[in-house]
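Colleague: Have a look at this fold, sequence not included:
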Ligand SMILES: [Zn+2]
């Protein structure tokens, strides 16, 4: 068995890629600043296997944020697009990981109580790292923590969410959406049914809205107008 490996520096330098940005909303054009492109081949009589692994430091053309991209493929992973043609499957990993189209509260999260900020960051991490079960549980814990922090009355989460409406922290519409997330967290924890990225994204939108209304806006108003 023989194997060869070739490492090339900056082969994909200045290549432009459409990638989701960490800060900007949606996909933006990223430029490859530096790259290390590795290619290899393993051969054994009538058998051969080729692979490539590209490592790139990329920069968003909009906000200039730098991040890291790794894309790999090999001669075994492909899908047939016609009888005679095949396309190689590429695995793309981005660090820090990100979800396209999600603008987070991270730039204002210093307004959140420490405990809530920690859970929010972990939940966001789970959401961005394709961990739907953990993201569902995180969302539920976030709601539970908001209820506790606001001294919501009731012996279960259902009643506590409703009490946030009585306390005028939540609108009835907001409460009905939180009830959906409450059972969503239940499903993830007890039956291990991961929810889709879209469902979790919507649930996170609602929770972020609540965090914004309950903590971030009042803190900013207080700083601007005084208590
Ligand atoms: Zn950007």
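Modeller: Yep, that arrived. Computed from a prediction, not measured in an experiment: that's the story for all the values here.

Colleague: Near the ion, which residues of the chain? Just list them.
Modeller: 21, 23-24, 60, 62-63 (C-beta under 5 Å from the ion). Glycine gets a C-beta too; all of them are placed from N, C-alpha and C.

Colleague: Apply 6 Å and report the result again.
Modeller: 21, 23-24, 28, 60, 62-63, 65 (C-beta under 6 Å from the ion).

Colleague: pLDDT value on residue 223, please?
Modeller: Predicted confidence (pLDDT) for residue 223: 85.

Colleague: Mind giving me the packing neighbours of the lowest-mean-pLDDT helix or strand in the chain?
Modeller: Least confident element among the helices and strands of the chain, by mean pLDDT, DSSP states H and E: helix 172-186 (a mean of 74). When contacts are defined as 3 or more C-beta pairs under 8 Å, 6 or more residues apart in numbering; DSSP states H and E, helix 172-186 packs onto helix 132-149, helix 157-166, helix 197-211.

Colleague: still on that earlier bit, please flag which of the residues of the chain next to the ion sit within helices.
Modeller: With helices defined by DSSP state H, no entry of the residues of the chain next to the ion lies inside them.

Colleague: and which of those is nearest residue 219?
Modeller: Using C-beta to C-beta, residue 23 comes nearest to residue 219 of those, at 21.8 Å.

Colleague: What mean pLDDT does stretch 97-112 get?
Modeller: 74.

Colleague: what about it, how long is it end to end?
Modeller: 23 Å (C-alpha to C-alpha, to the nearest Å).

Colleague: now swap in stretch 59-67 and tell me
Modeller: 6 Å.

Colleague: that older thread, what's the angle from the least confident helix or strand of the chain to helix 197-211?
Modeller: 130 degrees (axes from the mean of the first three to the mean of the last three C-alpha atoms, to 10 degrees).

Colleague: Thanks a lot, catch you later.
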